[in-house]
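Chemist: Pasted the sequence and its predicted model underneath.
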Amino acid sequence: MRATDHRYQKDQEKLTLAMNMLQLNARTNVIRKWTGLSGDRIRKLVKFYGATPSDQRQRGRYPSQSPAVSKNPVIRQQANLLAGLFASSGLMRAQGNSVSQPEWLQVGQTFCRTYEWFVQLEGESRISFEHALLLWRQLLNRTEVTLARCPKCRLLQVLETYRSPLTPCGLCAQTPPQTHAQRLTAPWV
């Protein structure tokens, strides 16, 4: 390795992150904000390296509603899983605007790996890359949603910030509560 090769390392990290985000079907605007690459450079990456077919690329406005507040229980369950993956991968410790550009590249790589892991676990994900990014930012800033533990089973769940933290998770809310007589006749007592 030559002594001058390290000067290209930051550019290579930006290109690697951009390619990962393109493969996850991220919009050009999102990639531009995370990597600092120009829109023209990103379009050339798509054209020459063919990260995703142009007919599958996301277009239009960035999503504004968190998947955690969806009325669909499957999407809410996937949002809970994704939030748990964010917490376990260390993404909930990121510090917003106080992080320097090289550290944001590392956070971006971690986010991409976490989202890829989520897609592998779920198989068919109903949460897009941008919706996952929105959910992570809202959890990080505690604007619309926050992470809390279920008071019954202690699992992590995503709650809207105005709801009580004592709200049981979806699984505990579906199971009927035991009566006092059922608890006394339980075989393990």
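Modeler: Right, received. Where do you want to start?
Chemist: Flag every buried residue along the helix or strand where residue 148 lies.
Modeler: Assigned by DSSP states H and E, residue 148 falls within strand 145-149. Across strand 145-149, burial judged by 16 or more other CB atoms under 10 Å covers 145-148. For glycine as for every other residue, the C-beta is placed from the backbone atoms N, C-alpha and C.
Chemist: next SSE after the lengthiest helix in the chain?
Modeler: Looking across the chain with DSSP state H, the single longest helix is helix 101-122. Counting by DSSP H and E, the next helix or strand C-terminal to helix 101-122 is helix 129-141.
Chemist: ok so residue 85 is a strand residue?
Modeler: No - counting by DSSP: H, G, I helix; E, B strand; the rest coil, residue 85 is not found in a strand; it is helix.
Chemist: what's around it, how many residues?
Modeler: Counted with other CB atoms under 10 Å, the neighbours of residue 85 add up to 18.
Chemist: And the pLDDT for it?
Modeler: With respect to pLDDT, residue 85 scores 92.
Chemist: And for residue 17?
Modeler: So, for residue 17, pLDDT stands at 90.
Chemist: what residues are up against it?
Modeler: Residue 17 is in contact with 34-35, 105, 108-109, 112, counting by CB atoms under 8 Å, 6 or more residues apart in numbering.
Chemist: Do a quick rundown of the helices in this structure.
Modeler: Using DSSP H, helices in the chain cover 9-23, 28-35, 39-49, 73-89, 101-122, 129-141, 170-174, 180-184.
Chemist: thinking again about what came up before, ok, the strand holding residue 148: who's next to it in the sheet?
Modeler: Strand pairing for strand 145-149, using DSSP bridges, gives strand 156-160 (antiparallel).
Chemist: Check whether residue 49 really touches residue 16, as I assumed.
Modeler: No - taking CB atoms under 8 Å as the definition, residue 49 is not a contact partner of residue 16, at 11.6 Å.
Chemist: Now the longest helix of the chain: average pLDDT?
Modeler: Average pLDDT, helix 101-122: 88.
Chemist: Show residues contacting it.
Modeler: 10, 13-14, 16-17, 20-21, 24, 34-36, 78, 81-82, 85-86, 89-91, 94, 99, 125, 127, 129, 132-133, 136.
Chemist: Include distance to residue 119 when you put the buried residues of strand 145-149 into CSV, please.
Modeler: As requested, those are arranged in CSV below (distance: CB to CB, whole Å):
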residue, distance to residue 119
145, 21
146, 24
147, 21
148, 25
